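Undergrad: After the sequence you'll find the predicted model.
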Amino acid sequence: MHRGPSLLRQLQLFLITACVLVLAACGGGGSGSPDPVPDLGTPPAAPTGLMGTPGNSQVALTWTAPTGAATYHVKRATVSGGPYTQVAAPTAPSFTDTGLTNGTAYFYVVTAVNSAGEGANSAEVSETPVAPSTPAAGSVTITANPSSTKTISKYIYGANIPAVTGITVPTASLTIDRLGGNRWTGYNWQNNYSNAGSDFNYQNDQYLSNSTTPLAAITGPFATDRGNNIAGLMTVPLLGYVAADANGPVNVTNPIQTSRFKTVVFAKGSAFTTTPSNSNASVYVDEMVWATNQFYSGQNVFTSTPNSGLPIFIELDNEPDLWFHTHEEMETSTEIGYNAFFSKSTAAATAIKAQFPQATIYGPAISGFAQFYYWDSSYPTPTPNGNNWLIDGYIAAVKAAETSAGHSLVDIISLHWYSQIDDPVSGTQISGDSSASLTDAQMQLIVQSPRSLWDSTFVESSYITRAVAINAIRLIPRLQDKLAAAGVTKGLSFTEYFNGGNNNIAGLIAQADNLGIFGQYGLHSAYIWPVNDAPYPMGAFAAFRNFDGAGANFGDTSVSTSSSNTANVVAYVSTDSSRAGRVVMVVINRSNASQTSTITGQPLSGTAHLYHITAATAATQGTNIKPVSAGTQAASGSSLTVTLPAYSVTTIDIF
């Protein structure tokens, strides 16, 4: 049954009609015609995307707000089509209807309301609350070990934000932004000119910023980031040249067109200035960092305890192993080899640390597995399971320089990781799979791919396992073992990484798995680089941060877990140092069928609040994908059993 206008709207219409009749009877107040009827505006359109999630004696509803809505009327019936009874008037586009009878079907519509009145009903949705049964032992058992924990760095939730275009970046879910990529190898901080390299015609231009104010290409994006409580990672140049003009393509033949570039010098050796002359022959790295610090005067951004709580970290250039290709315009006739790069890295770090001893410096920003294995085949005779890779050589060179200097120079070992697993359907690697319509086989390649980061039983199909014959890659523990073998204590960071699945739930699942892995293995930081627009992988951040839309985050301490069937289900468990007894889990079902999983071993007390991301819920959310409430269940003892939809990520907040 259609519900008539609201009481307020009826009263407004009555008064307007009475006024018109009086004016008409009185000759329009002497004007010869009645005054116009006041314009009260237009009621909002019907809400769209109404979804319900049943729970124990409740149904959680969410919908998409129409333009102009101030409040909403939630209406319920026990038969399809009504009559409906209004049960709530929330101001936000969500509501949980409680006190319902389990086993009874309920039918809901929602209207939007503003000062002009009430709009039309939304499409109807029906849900049936269900009493929780005493579940049998889970089909997959997750075992948590509370005696094995690691602190979770908040900087694992990072992105190369300027690389993300055309989507809503979930700023509430991100903690740090990297300004990196090929452009920054030739970035001139004095006037913001840069060189595109092989990305676009090897040209000098103003792509990073049209401003000629020093550092604007850095301080501009960081201003937005810092307004969203997001820290930063800046890149300093090492190769040897930066753009001297913005005049287009540069000749890539040797010798280098020196008139188009400024020479990079690591240590200036004289007084710094924030406004250097553009007529100088050189650009100085230590002065660049000093000028950045001056811009943020008094904030101590290059210390471990910045006043704002938002540090700026420093990375030593970008993908030096590929300079011979990406920056032919700036390399001399002799390609810069790994030994020269090692020397450049330690020299630049020495110059920066002389000014800012507490600065956090990243390196070497190598482009991928083959490169940190053998530097484009030029590093001598590495062996798959030995400590004689290119990255071992880099660690040794840095350690020697640090021993000589008496302090740390490079604090974080940074690498890039784009999954190279073969996709026989597309003929490329899965990191390039961006279609919304993937086969189940393609989805499985993507959702299983994060296992190469840690799993000793997982052997991917890629050039890595074929050419290097390494079997299980186990990348993170392998790198941590290398640091331990070298006798150094340094953090790890993936300053670029991606697994594909831009527009498919498989990409979201893989990215959620990555974030869980980074926390469980204690990475210092990580920065996703989406290959083209990637709303699904970006949506995975919301499973860990702001998953309830009200600021609830994954905990800050990772509890080690293991799964009885890693191929199907994996879980990440955390505790919260600021809230005793609170436990947050992210449970991933990467199989194409529903799974029942029991998480055991972690003491639990209170109520488990569940949030799901599935293919169905994500499909209705456009470019800003996030979890939806999936009800609650009691949590006690040291075991919790949950049902996981196929291809899903479930966040469980227990308190």
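TA: On my side now, so go ahead.

Undergrad: ok, for Y241, nearest residue in space, not its chain neighbours?
TA: Nearest residue to Y241 in three dimensions, chain neighbours excluded: F261, at 3.9 Å (CB to CB, 6 or more residues apart in numbering). Glycine gets a C-beta too; all of them are placed from N, C-alpha and C.

Undergrad: What's opposite the one you found in the beta bridge?
TA: F261 has the following beta-bridge partners by DSSP bridges: A243.

Undergrad: In contact with it, which residues are there?
TA: F261 makes contact with 186, 241-244, 250, 330, according to CB atoms under 8 Å, 6 or more residues apart in numbering.

Undergrad: What's the local residue count around S147?
TA: 8 (other CB atoms under 10 Å).

Undergrad: Quick check: it vs P603, distance?
TA: When distance is defined by CB to CB, to the nearest Å, S147 is 12 Å away from P603.

Undergrad: I figured L310 hits V301, correct?
TA: Yes: L310 is within contact range of V301, at 7.2 Å (criterion: CB atoms under 8 Å).

Undergrad: neighbour count winner among those two?
TA: V301 (24 against 18).

Undergrad: Next, the more buried one: secondary structure please.
TA: coil (DSSP: H, G, I helix; E, B strand; the rest coil).

Undergrad: For A105, see how far away it is.
TA: Distance from V301 to A105, by CB to CB: 57 Å.

Undergrad: According to the record, where do the domains of this protein fall?
TA: Domain assignment for the chain, taken from automatic domain parsing, gives 7-127, 140-147+558-654, 171-543.

Undergrad: ends of the second one, how far apart?
TA: It refers to domain 140-147+558-654. 20 Å (CA to CA, to the nearest Å).

Undergrad: Kindly report the same for the last one.
TA: Between the opening and closing residues of domain 171-543 lies a distance of 13 Å (CA to CA).

Undergrad: which residue ranges form the strands in the stretch 1-150 of the chain?
TA: Taking DSSP state E, counting those that start in this stretch to define them, one finds strands in the stretch 1-150 of the chain at 48-55, 58-64, 71-77, 85-88, 94-98, 106-114, 117-118, 125-127, 140-151.

Undergrad: Identify the residues contacting S419.
TA: 429-431, 446, 449, 452, 460, 462, 498-500.

Undergrad: Try it again at 7 Å.
TA: 429-431, 449, 499-500 (CB atoms under 7 Å, 6 or more residues apart in numbering).

Undergrad: Please flag which of the residues you listed sit within strands.
TA: Among those, the ones falling in strands (DSSP state E) are Q429.

Undergrad: which residue ranges form the strands in the stretch 251-400 of the chain?
TA: Under DSSP E, counting those that start in this stretch, the stretch 251-400 of the chain gives strands at 261-265, 282-284, 312-316, 361-366.

Undergrad: buried ones in the first one?
TA: So that's strand 261-265. Neighbour-count burial for strand 261-265 flags 261-262, 264-265 (criterion: 16 or more other CB atoms under 10 Å).

Undergrad: And for the nearest residue to L100 once chain neighbours are set aside, the neighbour number?
TA: Leaving aside its sequence neighbours, L100 sits nearest to P129 (CB to CB, 6+ apart; 4.7 Å). The burial count assigned to P129 is 22, neighbours taken as other CB under 10 Å.

Undergrad: my guess is P129 contacts T98, does it?
TA: No: applying CB atoms under 7 Å, one finds P129 not in contact with T98, separated by 9.3 Å.

Undergrad: sorry, back to before: what would the strands of the stretch 1-150 of the chain look like in a markdown table with mean pLDDT and distance to N191?
TA: Converted to a markdown table, these look like this (pLDDT from 0 to 100; distance: least, CB to CB, whole Å):
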| stretch | mean pLDDT | distance to N191 |
| --- | --- | --- |
| strand 48-55 | 87 | 48 |
| strand 58-64 | 88 | 45 |
| strand 71-77 | 96 | 52 |
| strand 85-88 | 95 | 58 |
| strand 94-98 | 90 | 49 |
| strand 106-114 | 95 | 50 |
| strand 117-118 | 94 | 57 |
| strand 125-127 | 94 | 57 |
| strand 140-151 | 96 | 41 |
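
Undergrad: coming back round to it: of the buried residues of strand 261-265, which is the nearest to I421?
TA: Nearest to I421 among the buried residues of strand 261-265 is V264, at 37.2 Å by CB to CB.

Undergrad: Quick check: pLDDT value at the closest one.
TA: Predicted confidence (pLDDT) for V264: 96.

Undergrad: again with V649
TA: 98.

Undergrad: For it, give its distance to A506.
TA: 11 Å.

Undergrad: ditto for W375
TA: From W375 to A506 the distance is 33 Å (CB to CB).

Undergrad: These two: who's more crowded?
TA: More crowded of W375 and A506, by other CB under 10 Å: A506, with 29 against 23.

Undergrad: Give me the distance from the one helix or strand that one maps to to the chain's centre.
TA: Taking DSSP states H and E as the criterion, A506 maps to helix 505-520. How far helix 505-520 lies from its chain's middle: 10 Å, per CA atoms, centre = their mean, to the nearest Å.

Undergrad: Show the secondary-structure elements that it is packed against.
TA: helix 440-448, helix 535-539, strand 557-563, strand 569-575, strand 583-589, helix 615-619, strand 648-654 (3 or more CB pairs under 7 Å, 6 or more residues apart in numbering; DSSP states H and E).
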